[in-house]
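Engineer: let's see this in three dimensions:
(5 chains)
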Amino acid sequence: MQIARVCGTVVSTTKEPHLTGTKFLLLQAIDLEGQELPAYLPKYEVAADRVGAGFGEWVLVSRGSGARQIRDGQTLPIDAAAIAIIDTVTVGNRLAYSKRQSDR
Amino acid sequence: MQIARVCGTVVSTTKEPHLTGTKFLLLQAIDLEGQELPAYLPKYEVAADRVGAGFGEWVLVSRGSGARQIRDGQTLPIDAAAIAIIDTVTVGNRLAYSKRQSDR
Amino acid sequence: MQIARVCGTVVSTTKEPHLTGTKFLLLQAIDLEGQELPAYLPKYEVAADRVGAGFGEWVLVSRGSGARQIRDGQTLPIDAAAIAIIDTVTVGNRLAYSKRQSDR
Amino acid sequence: MQIARVCGTVVSTTKEPHLTGTKFLLLQAIDLEGQELPAYLPKYEVAADRVGAGFGEWVLVSRGSGARQIRDGQTLPIDAAAIAIIDTVTVGNRLAYSKRQSDR
Amino acid sequence: MQIARVCGTVVSTTKEPHLTGTKFLLLQAIDLEGQELPAYLPKYEVAADRVGAGFGEWVLVSRGSGARQIRDGQTLPIDAAAIAIIDTVTVGNRLAYSKRQSDR
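Structural biologist: Numbers count the residues shown, from 1 in each chain, chains lettered A, B, ... in the order given. Coordinates of the predicted model:
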């Protein structure tokens, strides 16, 4: 899974019928300091929201068929889903990210 | 999913029998300003059209097995499909893209 | 799917039994002008031939599980297949590629 | 599969219900000398732990649907799992990595 | 599929139970001249051996779910397998690689 930050939303009315009711998050790929990845890598992706993630929150993104192993998700034509809101990222003994500190 | 702009079509007569009737869109990967991605990344891909997308429209592309979770799609030998026409992309509070404004 | 040009073949006698009878094409990734992609991207891949594609022809390559949605293909240990020979690629109003012109 | 080094953990309380009890490892992609990969490639990924891997250990990471071919794993919305703790990596006749030497 | 050269092995004792008996090859991605790929691309991957490939041999690597379409392979948590030992690679009329010449 990748770590990404919720930075927006994507709205569509003309879409595959199964997608009705699925919210699309715009996610920004980030490194462990919360910085954008270098320009060599894609910066944005769109993922189905499964956890009610809000703007600025860090989420885990699951891609491919893993994104459909969710409630009522087997028939969704999606290839990415936010499956968890991240509380903390720890690198060795160091707390690299904490949602609580970030929320203040 | 990725955001892409419809920039053309691909036509084939000699193909897997299941593909008969499937329209192939030529999609250009873009960033949130509608600009081409840097040269380090592939610029084009071909996707099955599921939503009647027209030239210049922004679509959501689903890749891999997700592209086949569509009506009568399970047996198609495809790895990408345009599954939604994008109305709006919002980054934070800013409207980064609006189909309505783009259509004018 | 990606657009690629047939540039050769790969032959193997020691292989998974299910692969007996499967022809392997060597494909070169190209852009819409028929040029090689920049060095930052992989240049070659090997795909099962499903359409009798010949040297120099442009084909559509489907990757992943999509490559096995073909006649008798479910049990093949392949991750890429040429699923269509491309007749034309149109970018906007411009004919970027035509097999007929290319054949002359 | 890729070779990666365990460098931390990711914790989440708000997540897909099936993920309860799954430990998330933060993995750093490395080359055969244990060095970070160049900046052009993603440096980190998050994977489900299946082998009780500890900080600093080298593991094999399986991605995609392969990550779910594990005990009780078919319904997990994951796309990566640490499936083995590496004892040795041998390049030709040279021992490039040995967990035993690394543990000292 | 990709072309790769067997350059070593990876050994693990602590692993998913289904992996018992599976040999892991260390593979080096190469171009058609047998040279390493540029630094922008990953250099190494680990694949299950299905064909008894030896050091220095060129193999075809199948990734993703295709790697599990092998004898008793459906339940293996792998995402790559060497599915064929390459005899020859032909580019146009030129023999780019021949195992026989390479073995001398």
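
Engineer: and whatever helix or strand residue A:5 lives in, what's buried?
Structural biologist: Using DSSP states H and E, residue A:5 falls within strand A:2-11. Across strand A:2-11, burial judged by 16 or more other Cβ atoms under 10 Å in any protein chain shown covers A:2-10. Backbone N, C-alpha and C define where each C-beta goes, glycine included.

Engineer: go on, stretch A:80-91?
Structural biologist: Neighbour-count burial for stretch A:80-91, with 16+ other Cβ under 10 Å as criterion, is recorded at A:80-91.

Engineer: anything in that stretch near chain C?
Structural biologist: No. Against chain C, stretch A:80-91 shows no contacts by Cβ under 8 Å from any Cβ of the partner chain, the least distance being 14.7 Å.

Engineer: could you confirm whether that stretch reaches chain D?
Structural biologist: Yes. For stretch A:80-91, a contact with chain D is found by Cβ under 8 Å from any Cβ, at A:81, A:83-91.

Engineer: would you mind measuring the gap between the ends of that stretch?
Structural biologist: Start-to-end span of stretch A:80-91 (Cα to Cα, to the nearest Å) is 25 Å.

Engineer: do that stretch and chain B come into contact?
Structural biologist: Yes. Residues of stretch A:80-91 contacting chain B under Cβ under 8 Å from any Cβ: residue A:80.

Engineer: which strand or helix spans the nearest residue to residue A:67 once chain neighbours are set aside?
Structural biologist: Once flanking residues are discounted, residue A:67 sits nearest to residue A:81: 3.9 Å by Cβ to Cβ, 6 or more residues apart in numbering or on different chains. Assigned by DSSP H and E, residue A:81 belongs to strand A:80-85.

Engineer: what strands flank the helix or strand following that strand, and is each parallel or antiparallel?
Structural biologist: As assigned by DSSP H and E, the chain's next helix or strand after strand A:80-85 is strand A:88-91. Strand A:88-91 pairs in its sheet with strand A:94-98 (antiparallel), strand D:2-11 (antiparallel), by DSSP bridges.

Engineer: measure the residue most central in space within chain A to residue A:47 for me?
Structural biologist: What sits nearest the mean C-alpha location of chain A, by Cα atoms, centre = their mean, is residue A:82, with 3.9 Å. Separation of residue A:82 from residue A:47 (Cβ to Cβ, to the nearest Å): 5 Å.

Engineer: identify the contacts common to these two.
Structural biologist: Counting by Cβ atoms under 8 Å, 6 or more residues apart in numbering or on different chains, the shared contacts of residue A:82 and residue A:47 are A:4, A:25, A:27, A:59, A:61.

Engineer: which residues does the first one contact?
Structural biologist: Shown here is residue A:4, whose contacts under the criterion Cβ under 8 Å, 6+ apart are A:27-30, A:45, A:47, A:58-59, A:61, A:82.

Engineer: I'd like the buried residues of stretch A:80-91 as JSON lines, with distance to residue C:75 and pLDDT appended.
Structural biologist: As requested, those are exported to JSON lines (distance: Cβ to Cβ, whole Å; pLDDT from 0 to 100):
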{"residue": "A:80", "distance to residue C:75": "28", "pLDDT": "97"}
{"residue": "A:81", "distance to residue C:75": "29", "pLDDT": "97"}
{"residue": "A:82", "distance to residue C:75": "34", "pLDDT": "97"}
{"residue": "A:83", "distance to residue C:75": "31", "pLDDT": "97"}
{"residue": "A:84", "distance to residue C:75": "35", "pLDDT": "98"}
{"residue": "A:85", "distance to residue C:75": "40", "pLDDT": "98"}
{"residue": "A:86", "distance to residue C:75": "40", "pLDDT": "98"}
{"residue": "A:87", "distance to residue C:75": "43", "pLDDT": "97"}
{"residue": "A:88", "distance to residue C:75": "44", "pLDDT": "97"}
{"residue": "A:89", "distance to residue C:75": "41", "pLDDT": "96"}
{"residue": "A:90", "distance to residue C:75": "44", "pLDDT": "96"}
{"residue": "A:91", "distance to residue C:75": "43", "pLDDT": "95"}
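
Engineer: other residues contacting stretch A:19-31?
Structural biologist: With contact meaning Cβ under 8 Å, 6+ apart, stretch A:19-31 is reached by A:2-12, A:36-37, A:41-49, A:53, A:58-59, A:61, A:76-78, A:82, B:1, B:32, B:60, B:83-84, B:89-91, D:43-44.

Engineer: repeat that for 6 Å
Structural biologist: Here stretch A:19-31 makes contact (Cβ atoms under 6 Å, 6 or more residues apart in numbering or on different chains) with A:4-10, A:37, A:45-49, A:82.

Engineer: what of stretch A:90-104?
Structural biologist: So stretch A:90-104 is in contact with A:32, A:87-89, D:7-9, going by Cβ under 6 Å, 6+ apart.

Engineer: go with 10 Å
Structural biologist: Stretch A:90-104 has contacts (Cβ atoms under 10 Å, 6 or more residues apart in numbering or on different chains) with A:3, A:5, A:30-34, A:54, A:56-58, A:85-89, D:6-14, D:26, D:28, D:44, D:55-56.

Engineer: against the centre of chain A, work out the most remote residue.
Structural biologist: Within chain A, residue A:93 marks the point farthest from the mean C-alpha position, 25.3 Å out by Cα atoms, centre = their mean.

Engineer: what sits against the closest residue to residue A:46 other than its chain neighbours?
Structural biologist: The spatial neighbour of residue A:46 that comes closest, neighbours along the chain excluded (Cβ to Cβ, 6+ apart), is residue B:1 at 4.3 Å. By Cβ under 10 Å, 6+ apart, residue B:1 lies in contact with A:10, A:24, A:45-48, A:63, A:67, A:77-80, B:59-63, B:66, B:82-84.

Engineer: can you list the contacts of residue A:4 in TSV and add secondary structure?
Structural biologist: TSV is the format used below for those (DSSP: H, G, I helix; E, B strand; the rest coil):
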residue	secondary structure
A:27	strand
A:28	strand
A:29	strand
A:30	strand
A:45	strand
A:47	strand
A:58	strand
A:59	strand
A:61	strand
A:82	strand
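
Engineer: contact partners for residue A:47?
Structural biologist: A:2, A:4, A:6, A:10, A:23-27, A:53, A:59, A:61-63, A:67, A:78-83, B:1.

Engineer: identify the bridge partners of it.
Structural biologist: residue A:25.

Engineer: how much space separates it from residue C:62?
Structural biologist: 23 Å.

Engineer: now tell me which helix or strand of chain A has the poorest mean pLDDT.
Structural biologist: The helix or strand of chain A with the poorest confidence is helix A:99-103; it has a mean of 83 (mean pLDDT, DSSP states H and E).

Engineer: what residues sit buried inside that helix?
Structural biologist: By 16+ other Cβ under 10 Å, the buried positions in helix A:99-103 come out as residue A:99.

Engineer: now stretch A:30-49
Structural biologist: For stretch A:30-49, a neighbour-count test (16+ other Cβ under 10 Å) marks A:30, A:32, A:37, A:43-49 as buried.

Engineer: from those, which one has the minimum pLDDT?
Structural biologist: pLDDT across those is at its lowest for residue A:37, which sits at 73.
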